[in-house]
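Chemist: Provided below for reference: sequence and predicted model.
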Amino acid sequence: MKAAITPSSRAPLSVAFMLASLLERLERSHVPIGAEQYRSVVSHLAAELEEVASEHDLSRLLDGFPATAELYENLHYAQAGLCRSQLEAATRAELEAQRAIAHARKFR
């Protein structure tokens, strides 16, 4: 019988780094990726990001993997907005979002 793997018995950072690396490859792939595969990677990575206890480790992870940083921002948008984006890019994204919302409201 196999022993259950608990969070304390594995290396969560190595799993998070591996998933972040995989997400980067999926984002840059020129080959079509299945939606279910993409969702699975993102879902598992999101869970791993919640387990990273050290701010230093989290910063290293997010600084090294732009797609993971974007995922992290999206997951924490309600609390922190676009906290990891450059100010100009964040402002542009906010304005585009406001325009899209206004446009969508016209068609309700």
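Modeler: Noted; the coordinates are in hand. Residues are numbered from 1 along each chain as shown.
Chemist: now the closest residue to Phe65 other than its chain neighbours: which helix or strand?
Modeler: Once flanking residues are discounted, Phe65 sits nearest to Ala20: 4.0 Å by Cβ to Cβ, 6 or more residues apart in numbering. No exception for glycine: its C-beta is placed from N, CA and C like everyone else's. Take DSSP states H and E as the rule and Ala20 turns out to sit in helix 12-28.
Chemist: ranking helices and strands of this structure by mean pLDDT, which lands last?
Modeler: Taking mean pLDDT, DSSP states H and E as the measure, the chain has helix 77-80 as its least confident helix or strand, at a mean of 59.
Chemist: following that helix, which helix or strand comes up?
Modeler: From helix 77-80, the next helix or strand downstream (DSSP H and E) is helix 87-106.
Chemist: for Ser29, give me phi and psi.
Modeler: Per-residue torsions, Ser29: phi -70, psi 140 (degrees, to the nearest 10).
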